[in-house]
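**Student:** Make a model of this:
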Amino acid sequence: MFDDVPLEHEYHNLGNDFYRLGQYEKAVDHYAKALELNPALTETYFNRALAYARLGDYESALADASHVIDLDGSLHDAYYLRGRIWELSLNDKAAVADYEQALRLNPSFATASDQLRLIKARQWIYDELRQVRGQIELEPCNGYLRFQFGQKLAMIGHHDDAVRALEQARANGFVLADLWVELGQAYVTQGRNIQGMAAFRQAIRMDPTEVAAYAHLGQLLTEAGHHREAVGVFRQAISMPNTDAASLLCGLGMALAGLRRWDEAHRAFQEAMEMSPRLPEAAFGLAVVAWRQGEPDVAFSRCRQVLDTSPQMIPAVVLMVNIAVARGDIATAAETIIAAVRNSPHDERLAYVLWTLSAYTTRSFTYPASDTWRAHQPLVDAASRVVRDRVTTRNELLAVQRDLSDALLAACPLADEAAALMYQKLMARPRAVLSVLYEELRRPGIVRPVERLHRTAALAQKHEQGWLGDVCTAYAVLLSSSPEAPRLEVVLRTLGRLAPLGVNHAESLLEMYRIASDGLAADSIEGMLALRPRIERLAVAIAHPGFIVPEMPALLVDLCNWLDRVDQAANEDVADEWSCITDAGLDLRNRFAHGISAPEQWILGAMLTHFGAIARQQVTV
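**Tutor:** Got it, this is the predicted structure:
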């Protein structure tokens, strides 16, 4: 079935994959290839407009969005898209016209209604932005103007353009601490936390009294699990004159909680609450400490207190749902997240928790709790659409999963959908199952390959397709092992069962894995050289178009040539040659590492590392 997928759709799907990875130039290239083959692909023009917009090429983005409207003027989404591009171009009047047209086509289009309300309220800032942009055109090297421009863009959520403006300000020589703080915040909004940390550190180097930089850096370090360093950063900030000691104490408390120093964390949150009794972060911190110390009733009560005063505090919602799920009180968990999503229907993290809780309930319970979701199915469907639209990269998935309990993580509906799609593709071509599997492993996705494999294996077992479950489990085990010591046994057994059935590439892969296994067991030059004829035969056997690892034949030929050098040096006893041989072996090892992907990269890389160790012994003999 999947052999009949038109090539233009494959290019379109690859473009989508690159878009999800944030590789927008490659996404544009693949969308262009799809449109060369079929210029009538409306969705491809739509998606390419999105990619152009992320690159800041608004002229091309507008052209594609307008072309979508020309192809089908009834698409309210197309008018909304063009409105967003007009807005990013700072043409708020044209944006308003398109949002209004989107609402005429679909009066219940809440996203367009919200954006229309926002843009009308922000007319003053668009006037200011156009004014600053005009000044920049007159003084293109004025870093301060670029900084102002970036600040204002960040205020209205134009984060990509804000980063570009702030980076240009830096290039123009405006490098004060304020610039680095603003740039760090913009990076974090884009999900680029590592760059954000670097920017905040640079702000501190520029001005060691910049408390805001310490606060942001401490928060990022805590989220990244660097709790010990975060404690030091927060303590340093608290020791300096500041205007928000209570918030800094909450940050310190979270970092201490990460180190499981519960008493110290409790004191920090308590001190913050004494300074600011209505500070929700302090009450939430006390809830976290109570939960971690095994006091769920206290934690639940604290969360309720937080949400009564700050109903949109998402971490408190998540913790309350976790506590209710741990108690088996699904009704309360559902009630909590439903209320939160109704208050913030476009928040992707809340939408993900709602969708996941619904999936967990349906999977784990058959009693009337499931009726709750049937009664709120439109809300669940809307939440799933928010997640699919906004959670498009692995980092974004990790962000919406943050702090969820293991039970809810296991119910991830995005992972289940990825596994279901993978299962369908594998079952559609049983004789080519390995080819499809390798295509799927190389395809970028938001769910880790190992998790997709495990879930696909479970799905195969559920449908009594044990052979497919074994294949997926074998590769999951292999990819879960160490690159230095890959676990080959389970894959060898699985390929040994597939090869007699005539599954494409099974016999060649089986021999490759056997060679690697025997190579790792070799303990002498003679043992290495004994594999040379088998490696050559395998290189010849797979040297044809369409082999599952196309880079492999040439690399195996290079391995044979290296073994020939080893053989010559061993026979002629040329001591000086061994140093050159070990260097060449290391170079070959690096080429295997960069030329092919896991799992073969790990397996053959481990074998070559082992061969190199044997060859190095000859240098000292």
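
**Student:** Pull the distance from the helix or strand containing Ala51 to the chain's centre.
**Tutor:** For Ala51, the enclosing helix or strand under DSSP states H and E is helix 42-55. In terms of C-alpha atoms, centre = their mean, to the nearest Å, the centre of helix 42-55 is set 20 Å apart from its chain centre.

**Student:** With stretch 345-353 instead?
**Tutor:** Mean C-alpha position of stretch 345-353 versus that of the full chain (C-alpha atoms, centre = their mean) differs by 17 Å.

**Student:** now the helices: where do they sit in the stretch 151-300 of the chain?
**Tutor:** Secondary structure of the stretch 151-300 of the chain by DSSP state H, counting those that start in this stretch: the helices cover 159-171, 177-189, 193-206, 211-223, 227-238, 245-258, 262-275, 280-292, 296-309.

**Student:** low pLDDT regions in the stretch 201-350 of the chain?
**Tutor:** Within the stretch 201-350 of the chain, no stretch has pLDDT under 70.

**Student:** by contact count, what packs against the helix holding Ala51?
**Tutor:** Counting contacts by 3 or more C-beta pairs under 8 Å, 6 or more residues apart in numbering; DSSP states H and E, helix 42-55 is packed against helix 7-20, helix 24-37, helix 58-71, helix 76-88. C-beta coordinates here come from the backbone N, C-alpha and C atoms, glycine included.

**Student:** Adding distance to Val433 and mean neighbour count, write the helices of the stretch 151-300 of the chain out as TSV.
**Tutor:** Converted to TSV, the helices of the stretch 151-300 of the chain look like this (distance: least, C-beta to C-beta, whole Å; neighbours: other C-beta atoms under 10 Å):
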stretch	distance to Val433	mean neighbour count
helix 159-171	41	21
helix 177-189	42	22
helix 193-206	38	19
helix 211-223	40	23
helix 227-238	45	20
helix 245-258	44	24
helix 262-275	51	19
helix 280-292	45	23
helix 296-309	46	18
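
**Student:** so can I have TSV of the ones you listed showing distance to Leu409?
**Tutor:** Listed next are those as TSV, based on distance: least, C-beta to C-beta, whole Å:
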stretch	distance to Leu409
helix 159-171	28
helix 177-189	24
helix 193-206	20
helix 211-223	17
helix 227-238	21
helix 245-258	19
helix 262-275	24
helix 280-292	17
helix 296-309	19
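
**Student:** what about those helices, which gets the closest to Gln123?
**Tutor:** With C-beta to C-beta as the criterion, Gln123 lies closest to helix 159-171 of these, at 18.1 Å.

**Student:** contacts for the closest one?
**Tutor:** 54, 56, 88, 143-144, 146-147, 149-151, 153-154, 179, 182-183, 186-187, 189-190 (C-beta atoms under 8 Å, 6 or more residues apart in numbering).

**Student:** if we can go back for a sec, what's the average pLDDT for the helix holding Ala51?
**Tutor:** For helix 42-55, mean pLDDT rounds to 94.

**Student:** how is this protein carved up into domains?
**Tutor:** Domain assignment of the chain by automatic domain parsing yields the ranges 2-124, 290-411.

**Student:** quick one: low-confidence ranges for the stretch 451-600 of the chain?
**Tutor:** Applying pLDDT under 70 to the stretch 451-600 of the chain flags the ranges 573-576.

**Student:** all helices for it, in order.
**Tutor:** Under the criterion DSSP H, counting those that start in this stretch, the stretch 451-600 of the chain contains helices at 466-480, 489-498, 506-521, 525-529, 532-541, 552-572, 577-595, 600-619.

**Student:** Save the ones you listed as TSV, and put in distance to Gly445 and mean neighbour count too.
**Tutor:** Listed next are these as TSV, based on distance: least, C-beta to C-beta, whole Å; neighbours: other C-beta under 10 Å:
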stretch	distance to Gly445	mean neighbour count
helix 466-480	14	20
helix 489-498	22	18
helix 506-521	23	19
helix 525-529	38	16
helix 532-541	30	15
helix 552-572	24	17
helix 577-595	22	17
helix 600-619	19	20
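
**Student:** between the ones you listed, which gets nearest to Ala198?
**Tutor:** helix 577-595 (26.3 Å).

**Student:** the inter-axis angle of that closest one versus helix 552-572?
**Tutor:** Using axes from the mean of the first three to the mean of the last three C-alpha atoms, to 10 degrees, the inter-axis angle of helix 577-595 relative to helix 552-572 is 170 degrees.

**Student:** In terms of secondary structure, what does helix 577-595 contact?
**Tutor:** Looks like helix 577-595 contacts helix 552-572, helix 600-619 (3+ C-beta pairs under 8 Å, 6+ apart).

**Student:** which other helices and strands contact the longest one?
**Tutor:** Right, the one you point to is helix 552-572. Applying 3+ C-beta pairs under 8 Å, 6+ apart, we find helix 552-572 packed against helix 525-529, helix 532-541, helix 577-595, helix 600-619.

**Student:** out of those, which comes closest to Thr309?
**Tutor:** Taking the helices and strands packed on helix 552-572 one by one with C-beta to C-beta, helix 600-619 is closest: 52.1 Å.

**Student:** Please list the residues outside the closest one that contact it.
**Tutor:** 478, 481-486, 488, 512-513, 515-516, 519-520, 522-525, 527-528, 549, 552, 555, 559, 566, 569-570, 575, 578-579, 581-582, 585-586, 588-589, 592-593, 596.

**Student:** repeat for stretch 578-596
**Tutor:** By C-beta under 8 Å, 6+ apart, stretch 578-596 touches 549, 551-552, 555, 558-559, 562, 565-566, 569, 601, 604-605, 608-609, 611-612, 615-616, 618-619.

**Student:** try 6 Å this time
**Tutor:** With contacts defined as C-beta atoms under 6 Å, 6 or more residues apart in numbering, stretch 578-596 is touched by 549, 551, 555, 558, 562, 565-566, 569, 601, 604-605, 608, 612, 615-616, 618-619.

**Student:** Extract the C-alpha trace of it and format it as PDB.
**Tutor:** Coordinates of the C-alpha atoms in stretch 578-596 are reproduced here as PDB (Å, rounded to 0.1, in the frame of the first residue of the first chain):
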ATOM      1  CA  TRP A 578      51.800  -0.100  13.500                       C
ATOM      2  CA  SER A 579      51.500   3.500  14.600                       C
ATOM      3  CA  CYS A 580      50.300   4.500  11.100                       C
ATOM      4  CA  ILE A 581      47.900   1.600  11.100                       C
ATOM      5  CA  THR A 582      46.300   2.600  14.400                       C
ATOM      6  CA  ASP A 583      45.900   6.200  13.200                       C
ATOM      7  CA  ALA A 584      44.200   4.900  10.000                       C
ATOM      8  CA  GLY A 585      42.000   2.600  12.100                       C
ATOM      9  CA  LEU A 586      40.900   5.600  14.200                       C
ATOM     10  CA  ASP A 587      40.100   7.600  11.100                       C
ATOM     11  CA  LEU A 588      38.100   4.700   9.700                       C
ATOM     12  CA  ARG A 589      36.300   4.400  13.000                       C
ATOM     13  CA  ASN A 590      35.300   8.100  12.700                       C
ATOM     14  CA  ARG A 591      34.100   7.600   9.200                       C
ATOM     15  CA  PHE A 592      31.900   4.800  10.300                       C
ATOM     16  CA  ALA A 593      30.600   7.000  13.100                       C
ATOM     17  CA  HIS A 594      29.700   9.900  10.700                       C
ATOM     18  CA  GLY A 595      28.800   7.800   7.600                       C
ATOM     19  CA  ILE A 596      26.000   5.600   9.000                       C
END
